[in-house]
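Chemist: Please work out how this folds:
(2 chains)
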Amino acid sequence: MTPRSPELIRQRLDFWQALSGACLALFVCIHLLLEGSVVLSPSLTDGIGWLLEATYAAQLGAPCILLLIIFHFWIAARKMPFRAGELEIFVDHARALKDPDTWLWLVQVATAIIILAGAFFHVYTVMTDLPIEVAKSSQRLHQGWLFFHIFFLPSVIAHTGIGIYRIAVKYGFCVKARRDVWRRRLWIGMGCYLLLGVLALSRVWCQG
Amino acid sequence: MGRTLTFEIFRYTPLDPSSTPHMQTFTLEEHPSMTLFIALNMIRETQDASLQFDFCCRAGICGSCGMVINGRPGLACHTQTADLPDHITLHPLPVFKLLGDLSVDTGTWFRNVGKKIESWIHTNQAFDPNAQEERMDNELATKIFELDRCIECGCCVAACGTARMREDFLGATAINRLARFYIDPRDKRTPADFYDVIGDDRGVFGCMGLLACDSVCPKKLPLHDQLGIMRRMVSLESVRGIVPEFIRKKLQGCGCGHKA
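Modeler: Residues are numbered from 1 along each chain as shown, chains lettered A, B, ... in the order given. Take a look at the predicted model:
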């Protein structure tokens, strides 16, 4: 056996990419559920906001999440087609092949860039305008942030759903025989989250 | 009377200085049970004897007639024209060296990856020609056979977005091949030896999980399942001492008979 130099750090990168992605996916699912509480009652959402601020979970958590997003993007970006000609080769390949999973990866790349930029603006706007209240959110939506959320919300949901599926596939948890079931469940899950997000946005809009 | 099929075929012979890459159109009457292999032979026999493509077994065993059929890699002998539209576009498999028209050299590519992953039994045991062959239980032999069913047609490599972008990527077929030695008790390599061969961006971590290798494999091999299992095992090995041992063991269990 020819001796080879160990590449532990590079091997670990993939693990950290998956782990940071899984943590962010969990955060998004919880965050959207808490945001969605506005559909039931705006006072409930205000109460949750108050609790998160009183315990400093919001003040400490928000920068941590931003750092985690940057960390996740930094690791995952090593696979992105940045080098000259790579994107062109990949898009031509995806077009010819017409394989949904190949396209899903391009969706991941595009939504990752939208989220990286959008998350910064989202966190900055909310955290520099404490306390977190539905009335303030509504005001922001009427000031033009609605358009931001129209792009940001589907991007986050798509990236999270596809990301969960791809982690499961890449690590051999979602095997070929079960792939259709995984896909169906994830599409349903993403649809439910999108519906909740749209209902929440509509409710907040109507508060204004 | 069958349909009239239009074939648009890539023509180019790199060794011929007068040759330029272009698409050439042929038409042919469709016959019942016609495969692309039959159609290409008819075109060569009746319309253009210079058309180059590879074939050997006509039964999806030799893997010679791999080509890109309407954008998707597949075997010409396995593809019925009845399953295709009237207009059929044929290209040679990308990634591999083009010999001429639809003929590519997959052999050199597979030999190179075979050398990289050291695709042979590693043992220090002296060979005794008079001794009986060691017994192997049926279940294990079947598992090894399953991993050995690859016909090296190159369709999975041609369908792989990573292989298209990065020349040094080993491809799912090589990982599948290595897994065959991984479970073979005659191969005395340790798990660390195997992880060393595939544990970087040329190996399991180069794969972006696009799954096209699985979709186009003419032998229906679950190539990506194997790659996923190997990726998980290498990843978890890399975080030994960082992630608690009970979590690592729990995630590592793959139920595939691999060495733990």
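
Chemist: pLDDT below threshold where in chain A?
Modeler: A:1-11, A:84, A:208 (pLDDT under 70).

Chemist: Count the neighbours of the residue in it that chain B sits nearest to for me.
Modeler: Per Cβ to the nearest Cβ, residue A:172 is where chain A lies closest to chain B, at 2.8 Å. Heads up, the C-betas are built off the backbone N, CA and C, glycines and all. Using other Cβ atoms under 10 Å in any protein chain shown, residue A:172 is surrounded by 20 other residues.

Chemist: mind listing what it touches?
Modeler: B:225, B:227, B:228, B:229, B:230, B:231, B:232, B:254 (Cβ atoms under 8 Å, 6 or more residues apart in numbering or on different chains).

Chemist: Max pairwise distance over the residues you listed: which two?
Modeler: B:227 and B:254 (12.2 Å; Cβ to Cβ).

Chemist: The two: who's more crowded?
Modeler: residue B:227 (31 against 17).

Chemist: The more buried one: which element?
Modeler: Residue B:227 is part of helix B:223-238, with elements assigned from DSSP states H and E.

Chemist: Buried ones among the contacts of residue A:172?
Modeler: B:225, B:227, B:228, B:229, B:230, B:231, B:232, B:254 (16 or more other Cβ atoms under 10 Å in any protein chain shown).

Chemist: Out of those, flag the one nearest to residue A:69.
Modeler: Distances from residue A:69 to these, taken as Cβ to Cβ, are shortest for residue B:231 (23.6 Å).

Chemist: Excluding sequence neighbours, find me the nearest residue to that closest one.
Modeler: residue B:204 (4.0 Å; Cβ to Cβ, 6 or more residues apart in numbering or on different chains).

Chemist: Next, the contact list for that neighbour, please.
Modeler: Per Cβ under 8 Å, 6+ apart, neighbours of residue B:204: B:175, B:198, B:227, B:230, B:231, B:234.

Chemist: How about residue A:69?
Modeler: A:24, A:115, A:116, A:119 are the contacts of residue A:69 under Cβ under 8 Å, 6+ apart.

Chemist: any idea how far the residue minimising distance to the centre of chain A lies from residue A:191?
Modeler: Nearest residue to the geometric centre of chain A (Cα atoms, centre = their mean): residue A:156, 3.7 Å. Using Cβ to Cβ, to the nearest Å, residue A:156 is found at 14 Å from residue A:191.

Chemist: how about the helices in the chain?
Modeler: Picking chain A for this. Assigned by DSSP state H, the helices in chain A fall at A:8-40, A:42-54, A:57-76, A:86-97, A:100-127, A:134-140, A:146-170, A:179-207.

Chemist: Correction: the question concerned chain B.
Modeler: Assigned by DSSP H, the helices in chain B fall at B:36-46, B:106-116, B:138-147, B:155-158, B:161-165, B:172-182, B:191-198, B:212-216, B:223-238, B:245-252.

Chemist: Would you mind measuring from the single nearest residue of the stretch 151-260 of chain B relative to chain A to residue B:168?
Modeler: Nearest residue of the stretch 151-260 of chain B to chain A, counting by Cβ to the nearest Cβ: residue B:228, 2.8 Å away. In this view, residue B:228 and residue B:168 are 21 Å apart by Cβ to Cβ.

Chemist: Format the helices of chain B as JSON lines; extra columns: mean pLDDT and distance to residue A:81.
Modeler: Listed next are those as JSON lines, based on pLDDT from 0 to 100; distance: least, Cβ to Cβ, whole Å:
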{"stretch": "helix B:36-46", "mean pLDDT": "95", "distance to residue A:81": "32"}
{"stretch": "helix B:106-116", "mean pLDDT": "93", "distance to residue A:81": "22"}
{"stretch": "helix B:138-147", "mean pLDDT": "91", "distance to residue A:81": "31"}
{"stretch": "helix B:155-158", "mean pLDDT": "95", "distance to residue A:81": "18"}
{"stretch": "helix B:161-165", "mean pLDDT": "87", "distance to residue A:81": "6"}
{"stretch": "helix B:172-182", "mean pLDDT": "91", "distance to residue A:81": "19"}
{"stretch": "helix B:191-198", "mean pLDDT": "84", "distance to residue A:81": "23"}
{"stretch": "helix B:212-216", "mean pLDDT": "89", "distance to residue A:81": "16"}
{"stretch": "helix B:223-238", "mean pLDDT": "84", "distance to residue A:81": "20"}
{"stretch": "helix B:245-252", "mean pLDDT": "74", "distance to residue A:81": "30"}
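
Chemist: What residues does the residue nearest to the centre of chain A make contact with?
Modeler: A:28, A:32, A:111, A:115, A:118.

Chemist: would CSV of those residues with distance to residue A:15 be doable?
Modeler: Listed next are the contacts of residue A:156 as CSV, based on distance: Cβ to Cβ, whole Å:
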residue, distance to residue A:15
A:28, 20
A:32, 26
A:111, 22
A:115, 21
A:118, 27
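
Chemist: okay, those residues in CSV with distance to chain B next?
Modeler: Formatted as CSV, those follow (distance: Cβ to the nearest Cβ, whole Å):
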residue, distance to chain B
A:28, 20
A:32, 25
A:111, 15
A:115, 18
A:118, 23
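
Chemist: Could I have the ChimeraX command that selects the buried members from the residues you listed?
Modeler: To isolate the buried members of the contacts of residue A:156 in ChimeraX, using 16+ other Cβ under 10 Å:
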select /A:28,32,111,115,118
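
Chemist: Specify which member of the contacts of residue A:156 is nearest to residue B:4.
Modeler: The closest of these to residue B:4 turns out to be residue A:111 (Cβ to Cβ; 44.8 Å).

Chemist: quick one, what contacts residue 160?
Modeler: Assuming you mean chain A. Here residue A:160 is in contact with A:24, A:25, A:28, A:29, A:190, A:193 (Cβ under 8 Å, 6+ apart).

Chemist: that's the other chain; I wanted chain B
Modeler: Contact analysis of residue B:160 by Cβ under 8 Å, 6+ apart lists B:95, B:169, B:171, B:172, B:210, B:212, B:213.
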